[in-house]
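Student: Output the structure for:
(chains A and B)
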Amino acid sequence: MNASALWGASWSLGPGLLFPLVVSAWLYLRGFERVRGQSPGHFPPWRRVAFLLGLGLLFVALASPLDAAADLLLTAHMVQHWLLMMVVPPLIWAGAPTVPLLRGLPLDWLSRGAGPLLSSPTLKRGLRIVTHPGIALGLWILVTLGWHWPPAYELALQSRAAHDTEHLSFLASSLLLWFCILQPWPVRAPRAFGIRLLLVVAAGLFNTLFSAAFAFSASPFYAFYAEIPNPWAMSVMADQNTAGAFMWVGGSLSMIAAAAGLTLAALSPAGLRGARIRAAGKAVRPRAPGGPGGLQALGLRRALQWTLALAAGLVVVDGFLGAQAPSSENLAGVLPWTYWRALSLFALLALGNLFCAVCPLTLSRNLAARLLGRPFRWPDWLQNKWLSAALFLFYLWSYEILDLWDRPRATAIWIAGFFVLCFLVEGLFRRGTFCRYVCPVGQFQFVHSALSPSEVQPLSPAVCADCTSHDCLRGNAGAPGCPTDLYLPAKTGNQDCTFCLDCVRACPHDNAGVVRVTPGRALGQGRAGVRPLGPDMAGLTVLFVWGAFVNAMGMSRPFVQAQADLAKALGISPGPGFDSAVLVGTLVLVPVLALAFCSAAGRLLARTSVPLGALACRLVPALVPLGLAMWLAHLSFHLITGLFSVVPASQRAWAALTSGPLEFVAAAPLGTDWLIDAQLLSLGVGLVVSLAVLWRIGQEIAPAPGRALGLILPWSLLALALWSLGLLTFLSPMEMRGMGA
Amino acid sequence: MRRRVSSARSRVGRQPRSGSGPAVRLRGWATLLVLLLALGAGPGVRADMGIPLGSGLAGGYRIDLIAYPAPLRVGHGFFSVLVRDPGTGAVRSDLGVVIEVRSADEGAAPGALVFPAEAGKHPGFYSARIPLANAGLGLATIRVMSGSGPSQKAALEVVFDVLPSAQPWREHAGAIAFPFGLLAIFVWHQRRSHGRQAKQGASRVNGHAPPGG
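Tutor: Got it, this is the predicted structure:
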């Protein structure tokens, strides 16, 4: 087995490792730029290189073919451990990551989130204890010896959980040891040079003795390697002795490098001061707050809108004219259901309400106005969200009962119908009426964009206070004002904001822009000012939350079976009528009863006199994170399992268009073993954020902690019940609608 | 005024410090419990490579079969096959390998599922992901086909045991326990925040105490 064949073997690319590494690198780089501007002497560029190299080698140790080879050879396993214990930790500490990682966090998260935790005396005391040189060295030796004890070592080879724990403990104990040795900035009172050098010598001595035991051993320590065949035909003893020799040499090199580095640093204390002075002249200017401001360019927005309009056109044409079965080979069965739903959610969470920003429906807005003249006023009784809620209910009904996802022609009718409806509403009524009062997709985006990390906001409230023209609302010759009548200085959150950035373009003072905010901070507030939501918004929100669970539960066997059992118990033959009744009951009746109970019980426990309806309207938005997590987990499943489904669908559509032969290219399936865990983690995060928002709103209603807790207790139990339903859904066998029992 | 300030200070001083005493121990135990649940309640044995199921000579090759997880359970199993020349020990990665799996229980349906094995994660091994529908005894037949055609077939038969599937809540215990760990951190955070606010409030009162008794 040659080296290139080994290197070419598959890598273990899963989000469990990639995600924390990418987030750490991102936070570090973000924070590094900030602190470098303020303290350039402490952050020369090599620190960045060292930190990123450390993360890169961590990835190599745990995800490269080295990890695969470690299952077969002790030597490969020891190389992996050497990287984890002797190379990655010093590189990470060389990057002085504490301050950059913290400064990489959004300011609000740092001051209100991490701040109270990091100032905990318990935590500080604990850190003081474990970073004592003697304790750190002792822990490191104990962990090394403990995991190399044959029963523990073999357990790690046979159990993935134990193996992960082993690697985690190696990394953690080595980070502690190397922290004591390197004492990275901003350690206020670094240990004396002698103590640190002594630590290096002691660790090196232990490594020498430990490695020698392997290098000069005459009998195998681990039976596992004797049983498992290895393709290199290396004998167990040769492998064990080589592993010992490698640990000896590799470990000694690391320790020699550390000792040399420490000595050089101790001998040239003026070097750092000189570097500080030199680097001060090259301070990085702090950046202005940013955001997805590229969309401010109208040309880019129009280009994206036309691209989406073209995609929608292809979907409609293929939906009407293309093969109806299987739907997975029709663009109408793939693009909207597999891709668009999930990708718009990802964009919402990563940046903001991008789908509304580039929505192709509004392209025809001006043409409609010219043709139809906008002669009417939208009726007062429809100036709320009830119509959108009814349309969303209709969408869920057609999805569940008519198997919309499996019927390309019905999908095409839906999409074409949407374009026509938008054209008529925008042509007959005021600009923006469709977005604000009709479009259920827009409402879905509005409600969930409360969890987006950005908002369109005035950059300086003082400038708005002196403004008399209010162009952001009224518009001017250069750009129209807000289509949904949002007055920027009074705007709160993202409710009703289509991210069209018309207000930004219209502002004559250049005082509007996309700013970063803490996701979820506006949950529970209306679109302007700190006003609670009305019953229409609460109803719509409930529908989105319940819809998330009902939509996912519909493909889970226990729920399908429960519905069949219910029909049997009632003596009704299952069919569209019964299914529709169950669906509407689950989406409307059950939440109304649940929310009424929670409000009444919460009011009783909190001894408050707030009316039940107002209480429900105030607390319902707290369930949005849980609902969004459920949508995300469900729709991500479809996206990831069908990631390449566009290939056969577009090939078939192209072949139909050109009358050419079908030549399907088999796309490599993506490994999905991690998917259920990722879904459960997403749902768990949703639950915790919902509980946190409940707690925040509860304290706003009843400031005393005991009463706030009583108020939100029934709601928290409701959130837990929904989370449990989600667990049951994801852990149960799937049963796709329309596929039979 | 002096008396008021000092008594206020002593009151603050008497208050249990946030993050000390029985509450800390309780939080510590709760955190430890969550960690143990997350780590310990995971799958018992779930290695990457697995354990050897069998090995032997067949048609001029030495064939080793390794399966993961160990023990095999209803669900999916990863079967890895290493084919070597018995004389030289050289790994043969230029062959076609097929794994046939059938139930070896008495009275089971005679049909076998056939899976082509391809170069897998582990160097030199052919691997296949095989669904295991039922608990009981299974029989895997490894067929190795040389380049000269299907006539040059070598087959090795290995009997293995399949246990009932693990409860899914155990298999994903870490992900299920995750929000409770997160919740513990949130509760800790809130207690710290409230403690800090109370402390700041108390110091403000001390700093701006109104004159007079």
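Student: quick one: the strands in chain B?
Tutor: Secondary structure of chain B by DSSP state E: the strands cover B:51-58, B:61-68, B:75-84, B:96-103, B:113-119, B:126-132, B:136-145, B:153-162.
Student: would you list the ones you listed in JSON lines and tack on distance to residue A:88, mean neighbour count and mean pLDDT?
Tutor: For the C-beta atoms, the positions are set from N, CA and C on the backbone; glycine is no exception. Output for those, formatted as JSON lines (distance: least, CB to CB, whole Å; neighbours: other CB atoms under 10 Å in any protein chain shown; pLDDT from 0 to 100):
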{"stretch": "strand B:51-58", "distance to residue A:88": "30", "mean neighbour count": "17", "mean pLDDT": "85"}
{"stretch": "strand B:61-68", "distance to residue A:88": "27", "mean neighbour count": "23", "mean pLDDT": "88"}
{"stretch": "strand B:75-84", "distance to residue A:88": "28", "mean neighbour count": "22", "mean pLDDT": "87"}
{"stretch": "strand B:96-103", "distance to residue A:88": "37", "mean neighbour count": "20", "mean pLDDT": "88"}
{"stretch": "strand B:113-119", "distance to residue A:88": "29", "mean neighbour count": "15", "mean pLDDT": "79"}
{"stretch": "strand B:126-132", "distance to residue A:88": "29", "mean neighbour count": "19", "mean pLDDT": "86"}
{"stretch": "strand B:136-145", "distance to residue A:88": "39", "mean neighbour count": "20", "mean pLDDT": "88"}
{"stretch": "strand B:153-162", "distance to residue A:88": "39", "mean neighbour count": "17", "mean pLDDT": "85"}
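Student: Ok, which of those comes nearest residue A:537?
Tutor: Nearest to residue A:537, of all the strands of chain B, is strand B:75-84, at 44.4 Å by CB to CB.
Student: So what angle separates the directions of the closest one and strand B:113-119?
Tutor: 60 degrees (axes from the mean of the first three to the mean of the last three CA atoms, to 10 degrees).
Student: so, in contact with chain A or not, strand B:75-84?
Tutor: Yes - using CB under 8 Å from any CB of the partner chain, strand B:75-84 comes into contact with chain A via B:82, B:84.
Student: Show me the longest helix that occurs in chain A.
Tutor: helix A:236-267 (DSSP state H).
Student: buried set for it?
Tutor: Judged by neighbour count (16 or more other CB atoms under 10 Å in any protein chain shown), helix A:236-267 contains these buried residues: A:236, A:239-248, A:250-251, A:254-255, A:258-259, A:262.
Student: mind showing which ranges of chain A have poor pLDDT?
Tutor: For chain A, the stretches with pLDDT under 70 are A:1-10, A:13, A:268-297, A:526-532, A:659-673, A:735-741.
Student: 50 instead, please
Tutor: A:270-293, A:665-669, A:738-741 (pLDDT under 50).
Student: Please parse it into its domains.
Tutor: A:9-269, A:299-516, A:553-731 (automatic domain parsing).
Student: what does chain B give?
Tutor: As assigned by automatic domain parsing, chain B contains the domains B:51-166, B:172-213.
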